[in-house]
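K.L.:
Any chance you could fold what I've pasted below:
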Amino acid sequence: FVGESFWGDGFTSRDVLDALAEHGRDNPITVRINSGGGYVDDGVAIYNALSAHKGKVTVIVDALAASSASVIAMAGEERIMRKGAMLMIHDPSGVVWGTAEDMAKAVRMLEKHAENLAGIYADVTGEDAEDIRADMKEETWLSADEAVQRGFATSANDNKAKAAAAYDYSVYAHAPARLRTGPMRDWKTGPRPPPSPSTVNLRRFP
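P.N.:
Below is the predicted model of the structure:
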């Protein structure tokens, strides 16, 4: 999970910044991703931290880079998809609790996040940001070869993807059936905390 998880299995932007500091800013680094996504702010912060790293950044998508994890993948100078891996982009979503004005503010913020993220994808792929935004609205899943063809990845290799990370893929409208019905850890057990009043909780980015 990208960001703090209720179940303690997330990784945060702070974790990545600490790891980069320990590794050394001039040293090349390989980032391996297998994630169904998470919080938009952590995803963007991690993308920016990796983009600012002085050494070469190589990203390998082991099985899945979905939602905010797909934004993190864009930070790689090399972006390698393993055989059978997938990448997914979609519009931000969130939970808000409050007045009509709170709802309107949430809509404006979600739109700004979506435009910014479409800009990141466009800068990396060379595609038009409006075209990418249209794909985000549709929730677009790309195979390794499709990701390479469109510039989201620079290459695909023949190493077979391992099992996708445990995640509640039912939250995505067009997730492949094998992800929606596959085995998952019991991370959904236990009550979810309610959303805070008048806040937007971007739990699934993008």
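K.L.:
With just CA atoms, put the longest strand anywhere in the chain into CSV.
P.N.:
Criterion DSSP state E: the longest strand present in the chain is strand 57-66. The C-alpha coordinates for strand 57-66 follow below in CSV (Å, rounded to 0.1, in the frame of the first residue of the first chain):
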residue,chain,number,x,y,z
VAL,A,57,17.0,5.3,-11.1
THR,A,58,15.8,2.0,-12.6
VAL,A,59,12.3,0.9,-11.9
ILE,A,60,11.2,-2.7,-12.3
VAL,A,61,7.5,-3.5,-12.1
ASP,A,62,7.5,-7.0,-10.7
ALA,A,63,3.8,-7.7,-11.2
LEU,A,64,1.7,-4.6,-10.8
ALA,A,65,2.0,-0.8,-10.7
ALA,A,66,-1.6,0.5,-10.3
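K.L.:
so what does that strand touch, helix or strand wise?
P.N.:
strand 29-35, helix 68-73, strand 78-83, strand 86-89 (3 or more CB pairs under 8 Å, 6 or more residues apart in numbering; DSSP states H and E). From N, CA and C alone the C-beta is placed, and that goes for glycine too.
K.L.:
quick one: the third one to strand 57-66, angle?
P.N.:
Spelled out, that is strand 78-83. Counting by axes from the mean of the first three to the mean of the last three CA atoms, to 10 degrees, strand 78-83 lies at 40 degrees to strand 57-66.
K.L.:
ok, and what's touching stretch 132-151?
P.N.:
Stretch 132-151 is contacted from outside by 61, 79, 81-91, 114-115, 117-118, 121-122, 124-127, 152-156, 161, 172-176, 206, using CB atoms under 8 Å, 6 or more residues apart in numbering.
K.L.:
Derive a PyMOL selection command for the buried subset of the residues you listed.
P.N.:
Here is the PyMOL selection string for the buried members of these, based on 16 or more other CB atoms under 10 Å:
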select buried, resi 61+79+81+82+84+85+86+87+88+89+90+91+114+117+118+121+122+124+125+127+152+153+154+156+161+172+175+206
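K.L.:
Point out where this structure drops to low pLDDT.
P.N.:
Where the chain drops to pLDDT under 70, the residues are 6-8, 180-206.
K.L.:
and the nearest residue to His23 once chain neighbours are set aside, what is it in contact with?
P.N.:
Spatial nearest neighbour of His23, chain neighbours left out: Ile29 (5.8 Å); criterion: CB to CB, 6 or more residues apart in numbering. For Ile29, the contact set (CB under 8 Å, 6+ apart) comprises Leu20, His23, Leu50, His53, Gly55, Lys56, Val57, Thr58.
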